[in-house]
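**Student:** what follows is a predicted structure for the sequence shown.
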Amino acid sequence: MSSSPGESMSDNEGPGRRVALVHEWFDSVGGSEQVFLEISNTLPSADRYVLWREGAAVDGPPMKESWLSRTPLRRHKALALPFMLPAWRMLDGSGYDLVLSSSHAFAHSAKFRDDAGTRYLSYVHTPARYVWSPELDVRGGSPLLSPVRAVLRRADVAMTRHVHSYAANSNEVRTRIRRYWGRECRVIHPPVDVDYFAPSQVELSASGREYLLGVGRWISYKRFDLMIEIAETARVPLVIAGGGPEEDRLRRLAANARVEVRFVTRPSKAQLRALYVGALALLYPTHEDFGMVPVEAQASGTPVIGLGRGGLLETVLPGETGFLADSFEPADYAALVHRLSEPDRSATIANAQRFSIERFRAQITDWVREEGLS
């Protein structure tokens, strides 16, 4: 039985049921953190555990931190990787009926010592890219990781056999889970606040749609440098919204670009909504596990021009809500920019509704009832 839209499970878990939620580190509210918070909203009485946390306050119970939070490793994720697996086996808690992890590194290995009868579920954003798919993220190519990658892979499989049920955030990630861990799982797409980003007809008609848009964390695998090249080739202005360690490099590239490139640093949700509504298209030339940003853009009626791999194959309807290129050549994307009169804005908005928060909560509730608290 599915819950009604917005319903939490607090009234349905039964007396005495204890639930723990586990997430990697929590130092910003990106895609995986948004998912974790929405799982927490669905299971509001659950205790919450993270390796360490920083940043702005969020609603809900306090987040209990691991011993890694008291070390300098919290500021050096690559160096901390070998210590994460043992950290997840030294959690200070017991007596849980259900432990649900939100994992993009090793959180799915979390296991409490006093856990007789505990059910373990894991929602997977991806098997750790640094360890399993370094070709998708150049940050995983660090020489510091090379000697230990094989060891971490073996440990990642061996220390997660206790997980009773997995859910993947996309078919792309389900394929990786089968390939790397030899496990089957269901797919539950992440929640997107599609109603917030949906524009009115007045906004749609008033929008100038005069620029291309890039949104996300300014890190290498997101390919903001390629977005600048695409905008140059298409001769269309570009707005880059977000923040991250590549800011200086991107600003240098933008200063030499033959088109206007404007930066919006750490936009608010309201600013982001306005940027989506006013954009000609969202550029997304990256191999993403799922990608919540393209869904937000479509919810605003803005089509997506992106890489035809990974999560975009599940969220974009080619020729209807955007266009996909299986290439990293700027000219291939620039050619698609000139086809942007074709997507139907209302169809684009309707497509995004498939990924609503209400749908996510209902599917998480069903999963927990079927596999965790049955």
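**Tutor:** That came in fine, so what should we check first?
**Student:** and the gap between residue 327 and residue 319?
**Tutor:** 17 Å (C-beta to C-beta, to the nearest Å). C-beta here means a position set from N, CA and C on the backbone, and glycine is covered the same way.
**Student:** let me fix that: residue 213
**Tutor:** Relative to residue 319, residue 213 is positioned 20 Å away (C-beta to C-beta).
**Student:** more neighbours, these two?
**Tutor:** Taking other C-beta atoms under 10 Å, residue 213 and residue 319 do not tie; residue 213 has more neighbours (26 against 12).
**Student:** torsion angles phi and psi at that one?
**Tutor:** With angles defined as degrees, to the nearest 10, residue 213 sits at phi -130, psi 140.
**Student:** kindly report the same for residue 305.
**Tutor:** Per degrees, to the nearest 10, the backbone of residue 305 is at phi -120, psi 110.
**Student:** and if you look at residue 346?
**Tutor:** In terms of degrees, to the nearest 10, the main-chain angles of residue 346 are phi -70, psi -40.
**Student:** residues in contact with it?
**Tutor:** Contacts for residue 346 (C-beta atoms under 8 Å, 6 or more residues apart in numbering) come out as residue 301.
**Student:** quick one, strands of the stretch 251-374 of the chain?
**Tutor:** With DSSP state E, counting those that start in this stretch as the criterion, the stretch 251-374 of the chain has strands at 261-265, 279-284, 304-307, 322-325.
**Student:** same question but for the stretch 101-250 of the chain, I mixed them up
**Tutor:** Using DSSP E, counting those that start in this stretch, strands in the stretch 101-250 of the chain cover 119-124, 165-168, 185-187, 211-217, 238-243.
**Student:** out of the ones you listed, the one nearest residue 353 is which?
**Tutor:** Proximity to residue 353 (C-beta to C-beta) singles out strand 185-187 among those, at 17.4 Å.
**Student:** can you give me the buried ones in that closest one?
**Tutor:** Under the neighbour-count criterion of 16 or more other C-beta atoms under 10 Å, strand 185-187 has residue 185 buried.
**Student:** tell me the domain ranges of the chain?
**Tutor:** Domain ranges of the chain: 19-191+356-372, 194-354, per automatic domain parsing.
**Student:** kindly reformat those domains as a markdown table containing mean pLDDT.
**Tutor:** Below are these laid out as a markdown table (pLDDT from 0 to 100):
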| stretch | mean pLDDT |
| --- | --- |
| domain 19-191+356-372 | 90 |
| domain 194-354 | 93 |
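**Student:** burial check on residue 278, number of neighbours?
**Tutor:** Residue 278: 19 neighbours (other C-beta under 10 Å).
**Student:** pretty sure it is touching residue 212, no?
**Tutor:** No: taking C-beta atoms under 8 Å as the definition, residue 278 is not a contact partner of residue 212, at 11.0 Å.
**Student:** quick one on the thing from earlier: the strands of the stretch 251-374 of the chain: which one's closest to residue 32?
**Tutor:** Smallest distance to residue 32 across these (C-beta to C-beta): 17.5 Å, for strand 279-284.
**Student:** that closest one versus strand 238-243: what angle between them?
**Tutor:** 60 degrees (axes from the mean of the first three to the mean of the last three C-alpha atoms, to 10 degrees).
**Student:** please report how far the closest residue to residue 298 other than its chain neighbours lies from residue 318.
**Tutor:** When the adjacent residues along the chain are set aside, residue 298 lies closest to residue 352, with 4.1 Å between them (C-beta to C-beta, 6 or more residues apart in numbering). Residue 352 sits 15 Å away from residue 318, taking C-beta to C-beta as the criterion.
**Student:** equivalent analysis for residue 358, please.
**Tutor:** Distance from residue 358 to residue 318, by C-beta to C-beta: 27 Å.
**Student:** same check, this time on residue 78
**Tutor:** Note on residue 78: its distance to residue 318, by C-beta to C-beta, is 36 Å.
**Student:** thank you, goodbye.
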